[in-house]
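K.L.:
take a look and give me a structure for this.
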Amino acid sequence: MLIVEQVLNGLQLGVMLFLLAAGLTLVLGIMNLINLAHGSLYMIGAFVAASVAGWTGSFVLGLLAALPAAALVGMAIEVVALRRLYARDHLDQVLATFGLILFFNELVSIVWGPRALFLDTPRWLSGAVEILPGLPYPAYRLAVLAVGLAVAVFLAWLVRRTRLGMLIRAGATNREMVAALGVNIRLLYTLVFGLGAMLAGLAGVMAGPIYAVEVGMGEHILILTFVVIVIGGIGSIRGALAGALLVGLVDTLGRAFLPTLFGAAMGPAAASGVGASLASMAIYIVMAAVLALRPRGLFPVHG
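P.N.:
Reported below is the predicted structural model:
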C-alpha cells in the first residue's frame, strides 16, 4: 500500500513539474532563451492565489485571479526585459534572468512580507478517496493529477491542431523564415511567453495547499524543471510530460525507500545519511544516463 501511495505522490509531483516545464521548454525551444526567472512566475501565481483566496474565502476565485496575473507579469517581463536578450548569448540571458529572480523575491517580500502564506485546500477537495480497499488518498492530490493530464491534452491539441500551434512549431524550426513570411514574430513570442507564465502560475496555485507559499519557493523546483526539459528534449511537450513523470517518480520513490534499503546493510544513522544523499542525486544520475543514450533527450523536436 505504501508503494502505491508513493507512486501516486511521484505522479503528482511529476504533473506539477510538467506544468512548469511545458511553458519553459516552449520558450527555450522557440526563442532559444534561458529564463531562470520562470520559478518567480510560479511564486507569483501562488501568492496571488493565496491572497485572493484569503480575502474571498474561495479557492476558485484565487485560481481565476492567479492565472491572468501570472500571464500578464510574464508578458510584461518579455516586452520590457527579455526581448532585448534574444540576440545575446546564453551567459547574458542567465545573468539577466538571475537578476529578475532577485528583483521578484524582493518585490514579493515588500508586497506580501517575509512570512509564508497558506492556501487552504478547497472544502470540496479536502477529503480522501479510497482508491484501493484500505488505501485512502487525498482528493486534492488526485485533482492535481487530473488538472495536469487535462493541461497535457489541451497543449497537445493546441500545438498539433491550431494555427497558433502551427506557428509555434514553425517558429521552433526556423524563426527567420516565419518572420519573412509576414508573421509578427514579436507578438508570437509574447503570446508563447504569456502561455508559459500562465502554466507556471497554475503550478504555483496547485502547489499552494501542499507546500508553504513563501519567498524563493520557485528556485528549488526550477532546478528540477530544467532536469525535466533536458531529459525530455528541449522544445518537446511530449518530452516534458515524460521527463516530468520520470523525475517525479524517481525523486519521490528514492526519498521514500532508499534509506530503508540501505538500512538492511548498515546502521540506521548511516543508512539515513547515505540514502538521503543518493536520493538527492538520483534524478541527476537518471539525466546522465538518458543523455548518454539519447543526447538530445527522450523526444527531441528535430530529427
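K.L.:
any stretches of the chain with poor pLDDT?
P.N.:
Scanning the chain for pLDDT under 70 picks out 1, 172-173, 264-265, 267, 271, 302-303.
K.L.:
buried residues, stretch 175-188. List them.
P.N.:
For stretch 175-188, burial by neighbour count (16 or more other C-beta atoms under 10 Å) applies to Arg175, Val178, Ile185, Leu188. Where C-beta positions appear, they are placed from N, C-alpha and C, glycine not excepted.
K.L.:
tell me the one among those residues nearest to Val144.
P.N.:
Ranked by distance to Val144 (C-beta to C-beta), these are led by Leu188 at 30.2 Å.
K.L.:
could you measure from the closest one over to Trp112?
P.N.:
Note on Leu188: its distance to Trp112, by C-beta to C-beta, to the nearest Å, is 33 Å.
K.L.:
isn't Leu67 up against Gly45?
P.N.:
Yes. Leu67 is in contact with Gly45 according to C-beta atoms under 8 Å; the separation is 7.3 Å.
K.L.:
how about Glu78, what does it touch?
P.N.:
Tyr189, Thr190, Phe193, Gly194 (C-beta atoms under 8 Å, 6 or more residues apart in numbering).
K.L.:
so can I have CSV of those showing neighbour count, distance to Ala279 and secondary structure?
P.N.:
Listed next are the contacts of Glu78 as CSV, based on neighbours: other C-beta atoms under 10 Å; distance: C-beta to C-beta, whole Å; DSSP: H, G, I helix; E, B strand; the rest coil:
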residue, neighbour count, distance to Ala279, secondary structure
Tyr189, 22, 38, helix
Thr190, 18, 40, helix
Phe193, 28, 34, helix
Gly194, 21, 36, helix
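K.L.:
what's the closest of the residues you listed to Ile221?
P.N.:
Sorting the contacts of Glu78 by distance to Ile221 puts Phe193 at the head of the list, at 18.9 Å, by C-beta to C-beta.
K.L.:
neighbours of the residue nearest to Thr252 when sequence neighbours are not counted, how many?
P.N.:
Among residues not flanking Thr252 along the chain, Gly10 sits closest, at 3.5 Å (C-beta to C-beta, 6 or more residues apart in numbering). Gly10 has 22 neighbours, counted by other C-beta atoms under 10 Å.
K.L.:
who does the host helix or strand of Gly10 touch, helix- and strand-wise?
P.N.:
Assessed by DSSP states H and E, Gly10 sits inside helix 2-31. Other helices and strands packing on helix 2-31, by 3 or more C-beta pairs under 8 Å, 6 or more residues apart in numbering; DSSP states H and E, are helix 38-56, strand 128-132, strand 135-138, helix 139-161, helix 163-173, helix 185-207, helix 217-232, helix 237-263.
K.L.:
quick one: which of those is nearest Leu24?
P.N.:
Proximity to Leu24 (C-beta to C-beta) singles out helix 38-56 among the helices and strands packed on helix 2-31, at 4.9 Å.
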